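Participant: fold the stuff below for me.
(2 chains)
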Amino acid sequence: QKEVEQDPGPLSVPEGAIVSLNCTYSNSAFQYFMWYRQYSRKGPELLMYTYSSGNKEDGRFTAQVDKSSKYISLFIRDSQPSDSATYLCAAEGSNYKLTFGKGTLLTVNP
Amino acid sequence: GAVVSQHPSWVICKSGTSVKIECRSLDFQATTMFWYRQFPKQSLMLMATSNEGSKATYEQGVEKDKFLINHASLTLSTLTVTSAHPEDSSFYICSARDGRVSNSPLHFGNGTRLTVT
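Facilitator: Numbers count the residues shown, from 1 in each chain, chains lettered A, B, ... in the order given. The predicted structure is shown next:
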């Protein structure tokens, strides 16, 4: 079992839809959780960075962490065609190394 | 936010030659940088941790003699792919965190697409 599991999709939604992206993890030592957005042929861009269980909101993006169930989510409200990209969840333990999910390819159709 | 610059963005080389990729932290100092490799439609896999002034730490299965890492200053790490072969063709991405910020997340460069012919 991979330490971070993520449904690779692809996921296709109409413009304006609410998008829900999810990951599960198995390592209880993970303390920090991140969501990155990666456009084709580009490096990952940090979207959200969370530590504790609960919600963190930044504009149209909300990151949710539930440490009891080892579940992390990213919600995108009012999705735009420019949100079309691969979204990577990542978890970090005490060794400062990141473990990534496989990424979910999202397409927002105008 | 913290900016990580990577150069070149793409390179094509012949089999058997060596290629150097540079990673710079532009507005902060990074005692540690990380090198990742990403194959098409795959996630990022950590190759090695680059430590300023000391030897890099390689992940299991990564050949240290093939992927030479030098972290000569607090703002520059280089990855040299020696005697490249077509199977080394991949997307190489470096990352660093801003040591001035407590619990700073990793910031990534824009990657280098290496094609070995």
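
Participant: strands along chain A, start to end?
Facilitator: A:4-6, A:11-14, A:19-25, A:32-38, A:45-50, A:54-58, A:61-66, A:71-76, A:85-92, A:98-100, A:104-109 (DSSP state E).

Participant: would you list these in a markdown table and tack on mean pLDDT, distance to residue B:71 and mean neighbour count?
Facilitator: C-beta coordinates here come from the backbone N, C-alpha and C atoms, glycine included. Below are these laid out as a markdown table (pLDDT from 0 to 100; distance: least, C-beta to C-beta, whole Å; neighbours: other C-beta atoms under 10 Å in any protein chain shown):
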| stretch | mean pLDDT | distance to residue B:71 | mean neighbour count |
| --- | --- | --- | --- |
| strand A:4-6 | 93 | 27 | 20 |
| strand A:11-14 | 97 | 38 | 13 |
| strand A:19-25 | 96 | 30 | 19 |
| strand A:32-38 | 95 | 23 | 23 |
| strand A:45-50 | 92 | 22 | 18 |
| strand A:54-58 | 93 | 32 | 12 |
| strand A:61-66 | 96 | 31 | 18 |
| strand A:71-76 | 96 | 31 | 20 |
| strand A:85-92 | 95 | 21 | 24 |
| strand A:98-100 | 91 | 18 | 22 |
| strand A:104-109 | 96 | 33 | 17 |
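
Participant: tell me which of the ones you listed approaches residue B:47 most closely.
Facilitator: strand A:98-100 (12.5 Å; C-beta to C-beta).

Participant: ok so, going back, out of the strands of chain A, nearest to residue B:37?
Facilitator: strand A:98-100 (11.8 Å).

Participant: quick one: strands adjacent to the closest one?
Facilitator: strand A:85-92 (antiparallel) (DSSP bridges).

Participant: contacts for the strand it pairs with?
Facilitator: A:3-4, A:6, A:21, A:23, A:25, A:27, A:30-40, A:44, A:47, A:72, A:74, A:98-101, A:103-106, B:43-44, B:106 (C-beta atoms under 8 Å, 6 or more residues apart in numbering or on different chains).
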